[in-house]
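Q: Next one to model:
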Amino acid sequence: MTDPHYRDIAPVDKRSYWQRLIEFIHPGPDSREELMDALSDAEDNHVIGAESRVMLEGVLRMADLTAGDVMVAAPRMDLIDIDATLDDSLHQVIDTGHSRFPVFENDRDNMVGILLAKDLLKLQRSPSLNVRTLLRPPVFVPESKGLNDLLREFRNTRNHMALVVDEFGRIAGLITIEDVLEQIVGDIEDEFDQAEDAGDIFALADRTYRVSGDTSIERVTEAFDVAPRHDEETGEDNKFDTIGGFIAHEMGHVPRRGEHFDWMQLRFEVLHTKAGAVKWFKVYPAPHKEAKP
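A: Numbering: from 1, shown residues only. This is a model prediction of the structure:
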């Protein structure tokens, strides 16, 4: 005998007849590609805006990305040596503009913690304080860790940076919560970023110029009416895609903020760096050098 209090209650379908008929004739997307097309149609029909579509597509694409796909590679990481002086560390903070730094001891693969730039102020007021007491424990994640899982971990642990390790346990790079969020919303701009249509070379009020590091060599030579460098040994012109790449090659390293390089009659002074590359140069006539007797 069945329980009189038990009733098999089926869920009520509140869709109208026409809604069910339309969904039968035009079923929803069955794949990611169809979903992308549906988002595009929604934008065309003014159901969602262009920015909303881009962010939704970013969320979908992020599901296929890993920490290794978007990390800053180890050679481009800005690190602080645990044995560095306070002045050296402060100069590095000022030059790079980062708020967090991995700290190593003896070897770049031996990470002992994460140092917040603001914590260096404590050392200024109390020089006897041991920098080790200011370090936060480093977070390590494998290259294969999905960005969805990493973002959830960042939110739950309130960490903003993680060190990425390869399959052999070596430091492969680092990734921040900003790197993850940029996969959804695009580049998070700062005071040095300009809209794409603002141009990559533009004049400043003091008769100098601001030049983006990824500006092509051809564009720079045309704008400033200078000739590209000629290699006397090979008899060929050196080919570089960007002015930033050319200057880094000539200097033998990625220049830091405040460093400069003289090329032809121009001086390229580094204004801003990001992710191990020069974002902006300040360009002006190079000072005349006195001839040696």
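
Q: In the stretch 51-200 of the chain, what residue spans correspond to helices?
A: For the stretch 51-200 of the chain, applying DSSP state H, counting those that start in this stretch gives helices covering 67-70, 86-96, 120-125, 147-157, 177-185.

Q: Output those helices in CSV, with mean pLDDT appended to each entry.
A: Output for the helices of the stretch 51-200 of the chain, formatted as CSV (pLDDT from 0 to 100):
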stretch, mean pLDDT
helix 67-70, 89
helix 86-96, 80
helix 120-125, 81
helix 147-157, 90
helix 177-185, 82
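
Q: Confirm that Gly258 sits in a helix.
A: No: under DSSP: H, G, I helix; E, B strand; the rest coil, Gly258 falls outside any helix and is assigned coil.

Q: Phi and psi next, for it.
A: Taking degrees, to the nearest 10, you get phi 100, psi -20 for the backbone angles of Gly258.

Q: right, and it touches Val270 too?
A: Yes: if you go by CB atoms under 8 Å, Gly258 and Val270 touch, sitting 6.4 Å apart. (Glycine included, C-beta is placed from N, CA and C.)

Q: Tell me which of these two has more neighbours.
A: Under the criterion of other CB atoms under 10 Å, the comparison of Gly258 against Val270 puts Val270 first, with 22 against 11.

Q: check which helix or strand covers that one.
A: According to DSSP states H and E, Val270 maps onto strand 266-274.

Q: helices or strands next to the next helix or strand after that strand in the packing?
A: Note on strand 266-274: by DSSP H and E, the next helix or strand toward the C-terminus is strand 277-285. Strand 277-285 is packed against strand 209-212, helix 243-251, strand 266-274, with contacts defined by 3 or more CB pairs under 8 Å, 6 or more residues apart in numbering; DSSP states H and E.

Q: so for the shortest one, what's the average pLDDT?
A: When pLDDT is averaged over strand 209-212, the result is 88.

Q: How are the strands of this protein distributed by residue range?
A: 72-73, 80-81, 100-105, 107-116, 140-142, 161-165, 171-176, 201-203, 209-212, 230-231, 236-237, 260-263, 266-274, 277-285 (DSSP state E).

Q: weakest of these in terms of mean pLDDT?
A: strand 236-237 (a mean of 48).

Q: how about stretch 52-60: buried residues?
A: By neighbour count on 16 or more other CB atoms under 10 Å, the buried set for stretch 52-60 is 53, 55-58.

Q: and it, how far out from the chain's middle?
A: The chain centroid and the centroid of stretch 52-60 are separated by 18 Å under CA atoms, centre = their mean, to the nearest Å.

Q: contacts for that stretch?
A: Contacts with stretch 52-60, where a contact means CB atoms under 8 Å, 6 or more residues apart in numbering, come from 32, 35-36, 39-40, 42-43, 48, 183-186.

Q: got a winner among the residues you listed for most neighbours?
A: Neighbour tally across the contacts of stretch 52-60 (other CB under 10 Å): the maximum, 19 neighbours, falls on Leu39.

Q: was I right about it contacting Gly49?
A: No: using CB under 8 Å, Leu39 is not in contact with Gly49, being 11.2 Å away.

Q: rewinding a little: out of the helices of the stretch 51-200 of the chain, deepest packed?
A: Ranked by mean neighbour count, those are led by helix 67-70 with a mean of 19 (mean count of other CB atoms under 10 Å).

Q: Alpha carbons only: can I get it in CSV?
A: Provided in CSV are the C-alpha atoms of helix 67-70 (Å, rounded to 0.1, in the frame of the first residue of the first chain):
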residue,chain,number,x,y,z
ALA,A,67,48.6,29.3,-16.4
GLY,A,68,51.4,28.5,-18.9
ASP,A,69,49.5,30.2,-21.7
VAL,A,70,49.4,33.6,-20.1
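
Q: which other helices and strands contact that helix?
A: With contacts taken as 3+ CB pairs under 8 Å, 6+ apart, helix 67-70 sits against helix 147-157, strand 161-165, strand 171-176, helix 177-185.
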